[in-house]
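J.: everything below, folded, please.
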Amino acid sequence: MIKYDIYPKYADKDFAFLFKAKERINDYFVFDINEDFLKYPILNLDYEDIFENELNNVLNDDCYYNASGLILFSKKVVDILKNLDGNITFYSCKLRNQPIDIFALYKRNDVESDYVIRNSEKPTSYYFSELFIDLIVKNNWNIDYYQV
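T.: Predicted structure coming up:
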């Protein structure tokens, strides 16, 4: 199977969203533990103030850099992917406590997906299939990719 990595098309490579309550989020998203996350499944994003002027470029993308290894997608991606693959889940995010159309992808290690491949040896590494790349092209998502 050919695997791809993805990255934002417009965002500055030094920009990354930061997560508040990072440990609670990592336990659930990275290690598949800590069901307490599900009691309040909102992810609150932040960013360094020096990137205030960069935020508009960032929000033009359909996937986003972050400092935790999670996969973040725009609503455009989620609206299509959630209907194609029942083995992945999306959780809404907030940006500095305000609603925003960014969602975190969650896929358990022991579940197969035709679109998303989670590296079982490195739980913060995800790859994407050719089917996913076809969706990028077909839907004109602002996501770049390369073969790994």
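
J.: what about Leu9, distance to Gln98?
T.: Residue 9: Lys, not Leu. Here Lys9 is placed at a distance of 24 Å from Gln98 (CB to CB, to the nearest Å). C-beta: built from backbone N, CA, C; applies to glycine.

J.: also Ala104?
T.: 16 Å.

J.: which strands and helices lie in contact with the longest strand seen in the chain?
T.: Longest strand in the chain by number of residues (criterion: DSSP state E): strand 98-106. Packed against strand 98-106 by the contact rule (3 or more CB pairs under 8 Å, 6 or more residues apart in numbering; DSSP states H and E) you find helix 22-29, strand 43-46, strand 71-74, helix 75-84, strand 89-95.

J.: what pairs with the third one, parallel or antiparallel?
T.: According to DSSP bridges, the neighbouring strands of strand 71-74, each with its direction, are strand 63-64 (antiparallel), strand 98-106 (antiparallel).

J.: Asp85 is nearest to which of the ones you listed?
T.: strand 98-106 (10.0 Å; CB to CB).

J.: now that closest one: buried residues?
T.: Going by neighbour count (16 or more other CB atoms under 10 Å), the buried part of strand 98-106 is Ile102, Phe103, Ala104, Leu105, Tyr106.

J.: and if you look at stretch 56-69?
T.: By neighbour count with 16+ other CB under 10 Å, stretch 56-69 contains the buried residues Val58, Leu59, Asp61, Asp62, Cys63, Tyr64, Tyr65, Asn66, Ser68.

J.: mind checking what secondary structure the first one has?
T.: Pointing back at Val58 there. Secondary structure, DSSP: H, G, I helix; E, B strand; the rest coil: Val58 is helix.

J.: surely it meets Lys9?
T.: No: with contact defined as CB atoms under 8 Å, Val58 does not reach Lys9; the gap is 10.4 Å.

J.: is Asn66 in a bridge, and if so with what?
T.: If you apply DSSP bridges, the partners that Asn66 bridges to are Phe17.

J.: pull the contacting residues for it.
T.: Applying CB atoms under 8 Å, 6 or more residues apart in numbering to Asn66 gives the contacts Ala16, Phe17, Leu18, Phe19, Leu45, Leu72.

J.: next, count neighbours for the nearest residue to Lys9 once chain neighbours are set aside.
T.: Among residues not flanking Lys9 along the chain, Asn142 sits closest, at 4.3 Å (CB to CB, 6 or more residues apart in numbering). By other CB atoms under 10 Å, 17 other residues sit near Asn142.
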